[in-house]
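Test case, fold it:
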Amino acid sequence: MLRIHFTEADLARTRLASEPDPLWEIALSLHRLQTQQGRSAHAEWYRTTRGRLADEGLEAALRHFLVPLFPRSAYFPDFLTPPEGAQGLAAGLAAIVDTPADRVRREVARFRSVGAPPWASRLVDRGTRQDLAGALRRYHEVAVAPYRERALARVEADRSVRGRVLLADGVDGLLGGLGPQMRWEAPVLHVHYPAEDRDLRLGGRGLLLVPSYFCWGPPIALADSALPPVLVYSLLRETRPAAVGRPLGALLGRTRARVLRGIAPGSTTGELARLAGVSAPTVSEHLTALRDAGLISSLRYGTSVLHTLTPLGAALLQGAEQPATPVS
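Predicted coordinates for the structure are as follows:
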C-alpha cells in the first residue's frame, strides 16, 4: 500500500496533467509487451506494434536494451521518467541525457538489487545515455506516437468527467473518485501498490496526477520521495468502441448515434470527432441536428464547447440500451 499524505497546501496544489507523459507511456507500453495482463485492452496495439517494431529493425534493441531497463518489477530508475517529460518527448530525452552521473550511479545501484541488466552501470556514461535516448525516440515513433490521437481523446474525456466532479465536489470529490485502486480517507490517499508498503508525505509540494493510456492495474509513483511527486494512473478502461445498437442506429444513423453515445459523460467537439472518426465540420453538423432535436445542449468553456445530454437525450439513450419487451 502507498499512503500519500496531504496538507491543506497540497490539496490546493493538486493538479491533473492535460495529456499523457511520453516517457511514462514508453515505460508502460514496454510493460504491456512483457505480460498477458491487460492484453485484451490493447490487443490491436499489440498486434500492429510488434509487426512495426520488426519492420523497423527494433526487435534487438527492444529485447536487449529497452525491456531490461523497464522491467515489470518493483523498481526501475526514476531518472528514466523525468518531470521534463511533461514538456514533450524532446525535453524528456534531453533530461535523461543530462542527468548528473552521481544520481545515475545511485539509482543504478538500487536497480541492481532487483535485477538490473549487467551493463546498466554503463548508463553513468553520457554517451550511453545518448544512445538510450536515440533508442527511446525510435521506439516512441513506432509504438506510442501512432496512438497519440486515441490517447488524447481518452484523456480529454477523463478530464471532462473529473473536472465536473471537481467543480461539484471539490478536491475531496476528485480524490475520492479516482477509481477502485485508490481510496481517499482525508488527509491520506491510499493507493493499492503491490510493490511495497510506504508513505509519501507531500509536504506542500502538491501532487501531479498523470493519466496514462498504457497503464494497466495499480497507479505508479516515483520511488524517490524527494522528487516532484507524481501519480500515474490508468484512464477509464474501454476495450473497444461502444457498439451502436440497431434501433438507435436505424433511427439516427450509425455516426450520429455514436456521437450521441459519446456525449453521455460530457464531451467536447474535438473529442467527439476523434471518437466518431470524422472531421470537426462533419461532427458539428451532427451536433447541430441533435441540438435542434432537443437531445443535447452545448455550453462554451473558453475555447472549447462542452456538449451534454438533455433529459430527452438521456431518456432516448437509456431506452435504446434496454432490451426489447416481447409482445405476448
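
Name the surrounding residues that touch stretch 70-87.
Residues from elsewhere that reach stretch 70-87 (CB atoms under 8 Å, 6 or more residues apart in numbering): 17, 21-24, 26-27, 30-31, 34-35, 69, 91-92, 94-96, 99, 103-104, 107-108, 110-111, 113-115, 123, 195-196, 208, 210, 222-224, 227-228, 230. Every C-beta, even on glycine, is put in place using the N, C-alpha and C of the backbone.

Report the buried members of those.
The neighbour count (16 or more other CB atoms under 10 Å) marks 17, 21-24, 26-27, 30-31, 69, 92, 95-96, 99, 104, 107-108, 111, 123, 208, 210, 222-223, 230 as buried among those.

circling back to that earlier point, out of the contacts of stretch 70-87, which sit inside strands?
Among the contacts of stretch 70-87, the members falling in strands (DSSP state E) are 208, 210, 230.

Pick the one among those residues closest to residue 59.
Checking the ones in strands among the contacts of stretch 70-87 against residue 59 by CB to CB gives residue 210 as the nearest, at 28.9 Å.

Quick check: mean pLDDT of the longest helix along the chain?
Determined from DSSP state H, the single longest helix within the chain is helix 148-176. Here helix 148-176 scores 81 as its mean pLDDT.

what's the answer for stretch 68-80, then?
Rounded mean pLDDT across stretch 68-80 is 91.

measure that stretch end to end?
The first and final residues of stretch 68-80 sit 13 Å from each other (CA to CA, to the nearest Å).

Off-centre distance for it?
Between the centre of stretch 68-80 and the centre of its chain there are 18 Å (CA atoms, centre = their mean, to the nearest Å).

neighbours around residue 97, how many?
Neighbours of residue 97 under the rule other CB atoms under 10 Å: 15.

what stretches of the stretch 201-328 of the chain score poorly on pLDDT?
The stretch 201-328 of the chain contains residues with pLDDT under 70 at 236-250, 265, 300-304, 311, 318-328.

Now do the strands for it: every range, in order, please.
Remark: strands assigned in the stretch 201-328 of the chain by DSSP state E, counting those that start in this stretch are 208-212, 220-221, 230-234, 267-268, 296-301, 304-309.

could you redo these as CSV and give each row distance to residue 178?
What follows is those, written out as CSV (distance: least, CB to CB, whole Å):
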stretch, distance to residue 178
strand 208-212, 8
strand 220-221, 13
strand 230-234, 6
strand 267-268, 20
strand 296-301, 23
strand 304-309, 22
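
From the centroid of the protein, which residue is nearest?
The residue lying closest to the centre of the chain (CA atoms, centre = their mean) is residue 212, at 1.7 Å.

hang on, the earlier thing: check the ones in strands among the contacts of stretch 70-87 against residue 127 and report the nearest one.
Set against residue 127, the nearest of these by CB to CB is residue 230 (28.5 Å).

I'd assumed residue 210 was in contact with the closest one.
Yes. If you go by CB atoms under 8 Å, residue 230 and residue 210 touch, sitting 5.5 Å apart.

Which residue comes closest to residue 122 once chain neighbours are left out?
Sequence neighbours aside, residue 128 is the residue nearest to residue 122 in space, at 4.6 Å (criterion: CB to CB, 6 or more residues apart in numbering).

Kindly report the same for residue 7.
Spatial nearest neighbour of residue 7, excluding adjacent residues (CB to CB, 6+ apart): residue 204 at 5.9 Å.

could you list every residue that touches the one you found?
Applying CB under 8 Å, 6+ apart, we find residue 204 in contact with 7, 9, 10, 13.

which parts of stretch 190-197 are buried?
Residues of stretch 190-197 classed as buried: 191, 193 (neighbour count, 16+ other CB under 10 Å).

outside of it, which residues touch it?
Here stretch 190-197 makes contact (CB under 8 Å, 6+ apart) with 1-4, 73-75, 181-184, 218-219, 221, 231.

which sections of the stretch 1-150 of the chain are below the confidence cut-off?
In the stretch 1-150 of the chain, residues with pLDDT under 70: 38.

mind listing the helices for it?
Ranges of helices within the stretch 1-150 of the chain are 8-13, 22-33, 43-55, 59-61, 67-69, 89-97, 101-112, 126-139, 148-176, based on DSSP state H, counting those that start in this stretch.

Which one of the ones you listed lies nearest to residue 259?
helix 148-176 (13.0 Å).

ranking the helices of the stretch 1-150 of the chain by burial, who's on top?
Most buried of these by mean neighbour count (mean count of other CB atoms under 10 Å) is helix 22-33; its value is a mean of 23.

between that one and helix 148-176, what angle do the directions make?
Using axes from the mean of the first three to the mean of the last three CA atoms, to 10 degrees, the direction of helix 22-33 lies 100 degrees away from that of helix 148-176.
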